[in-house]
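Asker: just to be clear, the model below is a prediction. Sequence and coordinates:
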Amino acid sequence: MPRRFSSARHLSGVLIALVLFAAVASTQGCRQERSRYGGTVVLSTVEEPAGFNPLFYLDTLSPNIGSLIFNSLVDIGEQLEYVPGLAESWQVSADGLTWDFHLREGVSFHDGQPLDAEDVVFTYRTLLDPASESPIAFHYSIVEEVEAVDRLQVRFHLAEPYSPLLILLLLEILPEHLLGKGGIGFEEFARAPVGSGPFVFQSWDEERILLSANPEYFDGRPYLEQVEVRWYPDQGRAWSALMRDEVDLVMDLELEDYRIIRGDPRFKTYDYLGIFYYTLLFNLNDPLLADAELRRALDLIVDREDLIEQALNGQAVQTTGPFRPGTWPYDPQVGNPAPDPARAAQILAALGWQDTDGDLILDKDGEELALTILVDEGDLPKEAVARRIKWQLFRAGIRAEVQLLPPQEMFEEHLYPGKFQAAILQFNAGLDPDKFIPFFWHSENIGYSNLGAYGNAEVDRLIEAGRTSPEFEERKNLYRRIHALIADDRPALFLYMRKVFFAASANIEGINAAPELLYSSVQDWYIDPSQRERR
């Protein structure tokens, strides 16, 4: 049975004929290296894909195979900015209710039929039609209508201004001529997809999916002749297949596997930042942690570099707020304070905390300065971080207890009811800041997804402005201001983002390790010709 999903997406060994190569090279200056064309790359996934139809199947696998077959109106750049995809440009009306997208000329589906505005309209109208029962339709409730202005212009009408619309337009475009009235069924299509992307679906059997280069791809014919996808029961067996030279790339390596493989000359290793930022989240309804000065003292005590080196083996980077470092909403001017236990001691003393009985723990009015930190049981890196924070706090005269709890119990009995002091928690940074920032940091979600009960009227206002502002630079400034305000309020101590590791055969060139660009860069991968027949 096909597998449905409940949230939006979001990745022959012979040189082409000389005549075709000449035609490609004459129009694409970046693809004039004749020796780069040809060869096969074998990708690995954990479990077999369910199917390829972006309206009904979530491609959660690594690699995101659907991104090799289909295209969307827009794509994502290295800083999570939106860049042209099928749409080469777009405009927003002054009231933010109408968006016009201008499609590229000369784009075709793999069967040779042109892709135009009617295909875009068909894709989105099908999605919005209740009869289709698409499980992602609820994400698109802001869209009232989609129309074709002409052959290459599409217009979206919105119910209200919504600046993050572009994140919804990462949806891949389907061919109306195949799936429209009288066409094939969606489930049949999902097993033999036809898109407009850099690779063409060829076959699917019990062991593999085979794709071949699209010689007519609008952004240039891929260097590779074929991409093969094989699946394995778990990541360990995929890694073993890489070691046996059966596959060329394995994602999400365990740290020990990464350490073994990084010294092997047969492979290149890569890392990128994951999508989660890790925090020491405070419950601001707790009388102790409601004090901003006490939170400032804790910020001066916690040594993030020490956490990363001692608890995480150096496999993380510091973060200062709720965005991924290096992306457009992240303000590089916001920094974490250098650890300063002496200054923290002065702040705590001013608040009345002193060690009056010589037991190395500060006290006030007969009460110890104590903190309980919740951690979900079984997450070993987070447990290690919590224990290291406990040690750092103890050296500053604060007694910390680390309480390990099953995740369901931790959330249902402590976090959601607000019955906690602090917790090591990770939050999704998202592709667009509006995706998660309102859930975690807007005061209207206190008692729901705003677990720490953080409220700042200016942050609320900026979040709402970021949702409606039509100008990218204005949105960037708004979110960077949000970053600075939240960092200064310290509703949490922002700690780090973990690195994710993967490895590929050393003879593959052109890999872009940025997670949003990894599989869109496959069209630029190429293999040393002397290595193409090694299997």
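Answerer: Perfect, thanks for sending it. Residues are numbered from 1 along each chain as shown.
Asker: check the protein for its longest strand and report it.
Answerer: strand 267-282 (DSSP state E).
Asker: mind listing what's buried in it?
Answerer: Neighbour-count burial for strand 267-282, counted by 16 or more other CB atoms under 10 Å, picks out 267-270, 272-282. Using the backbone N, CA and C atoms, a C-beta is placed for each residue, glycine as well.
Asker: mind giving me the packing neighbours of that strand?
Answerer: helix 255-261, helix 380-395, strand 422-428, strand 492-505 (3 or more CB pairs under 8 Å, 6 or more residues apart in numbering; DSSP states H and E).
Asker: which stretches of the stretch 201-350 of the chain form helices?
Answerer: Secondary structure of the stretch 201-350 of the chain (DSSP state H, counting those that start in this stretch): helices located at 235-243, 255-261, 292-301, 304-306, 341-350.
Asker: TSV please, covering those and showing mean pLDDT.
Answerer: Listed next are these as TSV, based on pLDDT from 0 to 100:
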stretch	mean pLDDT
helix 235-243	90
helix 255-261	85
helix 292-301	98
helix 304-306	97
helix 341-350	98
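Asker: nearest to Met497, out of these?
Answerer: For the helices of the stretch 201-350 of the chain, the distance to Met497 is smallest for helix 304-306, at 11.2 Å, taking CB to CB.
Asker: top helix in the chain by residue count?
Answerer: helix 472-489 (DSSP state H).
Asker: and that one, what's its mean pLDDT?
Answerer: Here helix 472-489 scores 96 as its mean pLDDT.
Asker: rewinding a little: JSON lines for the helices and strands packed on strand 267-282, including mean neighbour count?
Answerer: Shown next, in JSON lines, are the helices and strands packed on strand 267-282 (neighbours: other CB atoms under 10 Å):
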{"stretch": "helix 255-261", "mean neighbour count": "16"}
{"stretch": "helix 380-395", "mean neighbour count": "18"}
{"stretch": "strand 422-428", "mean neighbour count": "21"}
{"stretch": "strand 492-505", "mean neighbour count": "22"}
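Asker: okay, the helices of the stretch 201-350 of the chain in TSV with distance to Leu210 next?
Answerer: Shown next, in TSV, are the helices of the stretch 201-350 of the chain (distance: least, CB to CB, whole Å):
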stretch	distance to Leu210
helix 235-243	17
helix 255-261	26
helix 292-301	54
helix 304-306	46
helix 341-350	60
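Asker: so which of those helices is nearest Gln408?
Answerer: Nearest to Gln408 among the helices of the stretch 201-350 of the chain is helix 235-243 (24.4 Å), distances taken as CB to CB.
Asker: I'd like the next helix or strand past the helix or strand bottoming out on mean pLDDT in the chain.
Answerer: The helix or strand of the chain with the poorest confidence is helix 18-27; it has a mean of 33 (mean pLDDT, DSSP states H and E). Counting by DSSP states H and E, the next helix or strand C-terminal to helix 18-27 is strand 40-46.
Asker: which strands or helices does that next one pack on?
Answerer: Contact here means 3+ CB pairs under 8 Å, 6+ apart; on that basis strand 40-46 packs against strand 226-232, helix 235-243, strand 249-250.
Asker: would you mind finding the most buried of these?
Answerer: Highest mean neighbour count among those (mean count of other CB atoms under 10 Å): strand 249-250, with a mean of 26.
Asker: before we move on, back to that, so which of the helices of the stretch 201-350 of the chain comes closest to Ser196?
Answerer: helix 235-243 (29.3 Å).
Asker: ok so, going back, closest to Ser505 out of the buried residues of strand 267-282?
Answerer: Phe267 (6.4 Å).
Asker: and that closest one, what is it in contact with?
Answerer: By CB atoms under 8 Å, 6 or more residues apart in numbering, the contact list for Phe267 reads Leu242, Ile261, Ala503, Ala504, Ser505, Ala506.
Asker: switch to 7 Å and redo it
Answerer: Phe267 is in contact with Ile261, Ala503, Ala504, Ser505, Ala506, counting by CB atoms under 7 Å, 6 or more residues apart in numbering.
Asker: for Gly447, same thing?
Answerer: By CB under 7 Å, 6+ apart, the contact list for Gly447 is empty.
Asker: how close does it get to Ser196?
Answerer: 46 Å (CB to CB, to the nearest Å).
Asker: ok, now Phe156?
Answerer: The gap separating Phe156 from Ser196 is 20 Å, by CB to CB.
Asker: number of residues surrounding Arg304?
Answerer: For Arg304, the count of nearby residues is 24 (other CB atoms under 10 Å).
Asker: the helices and strands packed on strand 40-46 into JSON lines, with extra columns for distance to Asp460?
Answerer: Shown next, in JSON lines, are those (distance: least, CB to CB, whole Å):
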{"stretch": "strand 226-232", "distance to Asp460": "45"}
{"stretch": "helix 235-243", "distance to Asp460": "41"}
{"stretch": "strand 249-250", "distance to Asp460": "43"}
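Asker: how about these, which one is nearest Glu78?
Answerer: strand 249-250 (19.8 Å).
Asker: can you tell me the SS state at Arg462?
Answerer: Slight slip there: residue 462 is Leu, not Arg. helix (DSSP: H, G, I helix; E, B strand; the rest coil).
Asker: find me the pLDDT at it, would you?
Answerer: Note for Leu462: predicted pLDDT of 98.
Asker: I'd say it and Lys476 touch.
Answerer: No. Taking contacts as CB atoms under 7 Å, Leu462 lies outside contact range of Lys476: 11.9 Å.
Asker: what's Glu88 sitting at in phi/psi?
Answerer: Main-chain dihedrals, Glu88, degrees, to the nearest 10: phi -90, psi -20.
Asker: and what of Leu362?
Answerer: phi -70, psi 150.
Asker: where's it relative to Ala386, distance?
Answerer: Counting by CB to CB - Leu362 and Ala386 are separated by 20 Å.
Asker: how about residues contacting stretch 303-312?
Answerer: Contacts to stretch 303-312, defined as CB under 7 Å, 6+ apart, come from residues 314, 316, 318, 336, 339, 381, 384-385, 388-389, 392, 495-496.
Asker: mind listing what Ala384 touches?
Answerer: Ala384 neighbours (CB under 7 Å, 6+ apart): Ala311.
Asker: measure it to Ile308 for me?
Answerer: As defined by CB to CB, Ala384 lies at a distance of 11 Å from Ile308.
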